[in-house]
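Visitor: all I have is the shape, not the residue letters:
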């Protein structure tokens, strides 16, 4: 038979566990499928944000650095000068990584050099992943509207972040895919984007995490992007920097 001290300790432990469960529940708030005015308003904010940012980013050039790793081992670096073309899509001009000095890398905010290793066998796979991700990032307003009309958009708060909300979109590009957009309420700007999709078959999964940042006095933009091709354990880390107004 438990004595009073043991019963007191168990009671305290139960209370702590209960508090922990409540705290965890507050962070895991399921989104709600809705066609109501709030969802329409939030979706309009996202579409407007995308349209304004695309227009403003067309006035900038920047540098993109891609670091390609296989099974966690860095294999290759790719550098591009980027600007948006007339169709609103990024136009990339390759830059020889060896032509950028260490001082220039530091000035542009780039990561250091890596020793390139043979990865020809992964090139086609990596190119397929990049082409797929371009269909998601940045989200297109017409495709967002189509997802809404099909009832594939849900809205929910961000647990622990009262200044943010999220939109969860399913079947955006492919049947069974999933994309979550996190928006800042005050700035009406994207904070992050996560994608779960696949290449030709759902077993060939591709996961993407994107973080956004704001150019001082300018638009929002993709700051970093991590793309994981699960089946071949190929990772592409994308960093955008050195934004210059034209």
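Guide: Yes, it's here. Quick caveat: nothing in here was measured; it's all calculated off a predicted structure.

Visitor: what segments of this protein are strands?
Guide: For the chain, the strands defined by DSSP state E cover 32-33, 60-70, 73-84, 90-95, 153-157, 164-170, 178-184, 189-198, 205-214, 220-229, 234-245.

Visitor: look up the residues forming beta bridges with residue 193.
Guide: With DSSP bridges as the criterion, residue 193 is bridged to residue 181, residue 210.

Visitor: can we start the residue count at 43 from this point?
Guide: Noted, 43 is the first residue going forward, which turns the last one into residue 235.

Visitor: ok, it touching residue 225?
Guide: No - here residue 235 lies out of contact with residue 225, judged by Cβ atoms under 8 Å, at a distance of 10.0 Å. C-betas here are computed from N, CA, C, even on glycine.

Visitor: with residue 278 as the reference, measure out to the nearest residue to residue 208 once chain neighbours are set aside.
Guide: Setting aside the residues directly before and after it, residue 208 is nearest to residue 224 in space (Cβ to Cβ, 6 or more residues apart in numbering), at 5.0 Å. Per Cβ to Cβ, to the nearest Å, residue 224 is found 21 Å from residue 278.

Visitor: now do the most centrally placed residue in the chain, the pLDDT please.
Guide: Centroid check for the chain by Cα atoms, centre = their mean gives residue 252 as the closest residue, at 2.0 Å. For residue 252, the pLDDT comes out at 97.

Visitor: for residue 159, see how far away it is.
Guide: In terms of Cβ to Cβ, residue 252 sits 27 Å off from residue 159.

Visitor: circling back to that earlier point, wait, the residue nearest to residue 208 sits on residue 234?
Guide: Yes - Residue 224 is within contact range of residue 234, at 4.6 Å (criterion: Cβ under 8 Å).

Visitor: tell me what the residue lying closest to residue 138 once chain neighbours are set aside is bridged to.
Guide: Spatially, and ignoring its direct neighbours in sequence, residue 138 is nearest to residue 121 (7.6 Å; Cβ to Cβ, 6+ apart). With DSSP bridges as the criterion, residue 121 is bridged to residue 107, residue 137.

Visitor: same thing with the one 5 residues further on?
Guide: Listed beta-bridge partners, residue 126: residue 132 (assigned using DSSP bridges).

Visitor: from what I can see it touches residue 100, true?
Guide: Yes - Residue 126 is in contact with residue 100 according to Cβ under 8 Å; the separation is 4.5 Å.
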